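# Provide a 3D model corresponding to the input given below.
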Amino acid sequence: MSALPVILIVEDEDFLRSSLADYLEDHGYAVLTAPNAENGLEQLARNHPGVCIVDIRLPDMNGNEFILRAHAINPGIGFIIFTGSLEYSLPDSLLEFGLNDSDILFKPLMDMSILLNKITYAFSANPSLSLPTAPLSA
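Residues are numbered from 1 along each chain as shown. Next up, the predicted model:
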């Protein structure tokens, strides 16, 4: 059983996905990755991460739809939107369950401590998220 807080990264850019995973693992997190939304939903259902970092432009569905589906599976999960689209704004459907502009990070992120602070906040906002997690399955 893993005692580390679990983060799921849903990002289609291989280099960015693996770089984020390596960085977060170096900072004490267990990290799951998914190259598309469908794989991300499968990971979410099997492993129950506490926080999910989501790209908006995914190959198989947009990040907004992924977040809606992921929230239906696990209403307690925290989301951080990580997008290169500077025009992005949250749709009403995501605002309705508590996301706000502070949950959006724009690529490229020059100061990774911003991401760490958002993750720390997401876990601290819901104390049950930092409890030991189920064993990770591939």
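# Low-confidence ranges, this structure, go.
1-3, 127-138 (pLDDT under 70).
# show me where it has strands.
Applying DSSP state E to the chain gives strands spanning 6-10, 30-34, 51-54, 78-83, 104-106.
# give me the number of residues near the residue lying closest to residue 56 once chain neighbours are set aside?
Nearest in space to residue 56, with sequence neighbours left out and distances taken as Cβ to Cβ, 6 or more residues apart in numbering, is residue 63 at 3.7 Å. For glycine as for every other residue, the C-beta is placed from the backbone atoms N, C-alpha and C. Residues lying near residue 63 (other Cβ atoms under 10 Å) number 25.
# what sits against residue 63?
10, 37, 54, 55, 56, 57, 81, 83 (Cβ atoms under 8 Å, 6 or more residues apart in numbering).
# so who does the first one touch?
Contact partners of residue 10, counting by Cβ under 8 Å, 6+ apart, are 33-34, 36-37, 39-40, 52-55, 58, 63, 66.
# In a markdown table: those residues, plus distance to residue 26.
Below are those laid out as a markdown table (distance: Cβ to Cβ, whole Å):
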| residue | distance to residue 26 |
| --- | --- |
| 33 | 15 |
| 34 | 20 |
| 36 | 25 |
| 37 | 26 |
| 39 | 23 |
| 40 | 22 |
| 52 | 19 |
| 53 | 15 |
| 54 | 21 |
| 55 | 21 |
| 58 | 25 |
| 63 | 25 |
| 66 | 26 |
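# Kindly indicate which of those residues lies nearest residue 77.
residue 52 (5.7 Å; Cβ to Cβ).
# Quick check: the residue nearest to the closest one when sequence neighbours are not counted vs residue 89, distance?
Leaving aside its chain neighbours, residue 52 sits nearest to residue 8 (4.5 Å; criterion: Cβ to Cβ, 6+ apart). To residue 89, residue 8 is 23 Å away according to Cβ to Cβ, to the nearest Å.
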